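In: Just to be clear, the model below is a prediction. Sequence and coordinates:
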Amino acid sequence: MTPNIAVVRIDSPHWRGLRLWLPLFLLWIPLILLSPLILLVTLAVWLTGHISPWRTMRVLWAIVGNLSGTDVRVCRYGSRVTVRIL
Amino acid sequence: MNENRRQILEMLAAGKITTDEAERLMAALEPEGWSGTVSGASGPGITEGKTRAKYLRVLVEADQSMTGLKGQTTVNVRVPMKLLRAGVRLASLIPAQAHDQLDEALSRHGVPLTLSQIKPENLEELIDHLEDLTVDVDGKEGNATKVRVFCE
């Protein structure tokens, strides 16, 4: 399952916190639009290189599909930045 | 997509719940034991079956002498094990003819690693041995940074 939303949260004791919900699923739109170009690049890599495009796609898909659950939190001096991929 | 997540997103899109409420609901769907704070990270699951580890946790506590920033800095990272396994498979994409050059360059820089031998199974072995690793990094003036790596 590909990630749908990334939540970026910035909290600071000096100013009002900021919370951003980034809709990652919208990235499908440029990806679909660029798919002919991606296909051409894939074919070029397949013909010129020695890398299997299918294996490459499988690995990249596995990476993107398993991004959900990643969580990074950095705290310092009362300020906190959180990035969560849901 | 998970049905619960879909419902939450639909409610958010319909304006029935706020983003705060949606985040709380999403967080409630997360597996238990993820407190999100360093103090609460006592490594639940470390004593449980190691093969069932779902996440790799890295906790870093650094004081200002190490970071150059005012106050203590705490970094808390959680990475799904599935993502790590997928990342290890990236090594299989490196062309065979490049392996020798990479191995040579790595060993020249003090990393005696053979890339062609890295496989997802190696990660499992690593997880098995990664019960609870703590590394203390000494600073210039006696201050230290603590790095803790464990699976949960």
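Out: Nice, thanks for sending it over.
In: Which strand or helix spans the residue in chain B that chain A sits nearest to?
Out: Chain A sits closest to B:G71 of chain B, with a gap of 3.3 Å, by CB to the nearest CB. Every residue, glycine included, has its C-beta placed from N, CA and C. Following DSSP states H and E, there is no helix or strand that holds B:G71.
In: which residues does it contact?
Out: By CB atoms under 8 Å, 6 or more residues apart in numbering or on different chains, the contact set of B:G71 is A:R76, A:Y77, A:G78, B:Q64.
In: a strand runs through B:K146, doesn't it?
Out: Yes - with DSSP: H, G, I helix; E, B strand; the rest coil as the criterion, B:K146 is located in a strand.
In: Can you give me every residue that contacts it?
Out: B:K146 makes contact with B:L59, B:V60, B:E61, B:A62, B:T134, B:V135, B:D136, B:V137, according to CB under 8 Å, 6+ apart.
In: out of these, which touch chain A?
Out: With CB under 8 Å from any CB of the partner chain as the criterion, those include none near chain A.
In: from those, which is closest to B:P80?
Out: Nearest to B:P80 among the contacts of B:K146, counting by CB to CB, is B:L59 at 16.5 Å.
In: Okay, and the beta partners of the closest one?
Out: B:N76, B:R148 (DSSP bridges).
In: same deal with A:R84?
Out: Beta-bridge partners of A:R84, counted by DSSP bridges, are A:V7, A:D71.
In: residue boundaries of the strands in chain B?
Out: Under the criterion DSSP state E, chain B contains strands at B:55-62, B:73-80, B:133-138, B:144-151.
In: just to revisit the earlier point, most surrounded residue in the contacts of B:G71?
Out: Among the contacts of B:G71, A:R76 has the most neighbours (other CB atoms under 10 Å in any protein chain shown), with 17 neighbours.
In: surely it meets B:T73?
Out: Yes - counting by CB atoms under 8 Å, A:R76 touches B:T73, with 4.4 Å between them.
In: Name the spans of chain B whose pLDDT lies under the cut-off.
Out: B:1-2, B:30-52, B:65-70, B:120, B:127-128, B:130-132, B:139-143 (pLDDT under 70).
In: which outside residues touch the top helix by length along it?
Out: Longest helix in chain B by number of residues (criterion: DSSP state H): helix B:96-108. Identification of contacts with helix B:96-108 by CB under 8 Å, 6+ apart yields A:H50, B:I94, B:P112, B:L113, B:T114, B:L115, B:S116.
In: hmm, which two among those residues are most spread apart?
Out: A:H50 and B:P112 (25.7 Å).
In: any chance you could map the strands in chain A?
Out: A:5-11, A:18-23, A:71-76, A:79-85.
In: Take these and write them to JSON lines, including mean pLDDT.
Out: Shown next, in JSON lines, are those (pLDDT from 0 to 100):
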{"stretch": "strand A:5-11", "mean pLDDT": "93"}
{"stretch": "strand A:18-23", "mean pLDDT": "92"}
{"stretch": "strand A:71-76", "mean pLDDT": "92"}
{"stretch": "strand A:79-85", "mean pLDDT": "92"}
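In: Can you add distance to B:R85 and give those back as a markdown table?
Out: Below are the strands of chain A laid out as a markdown table (distance: least, CB to CB, whole Å):
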| stretch | distance to B:R85 |
| --- | --- |
| strand A:5-11 | 22 |
| strand A:18-23 | 25 |
| strand A:71-76 | 18 |
| strand A:79-85 | 17 |
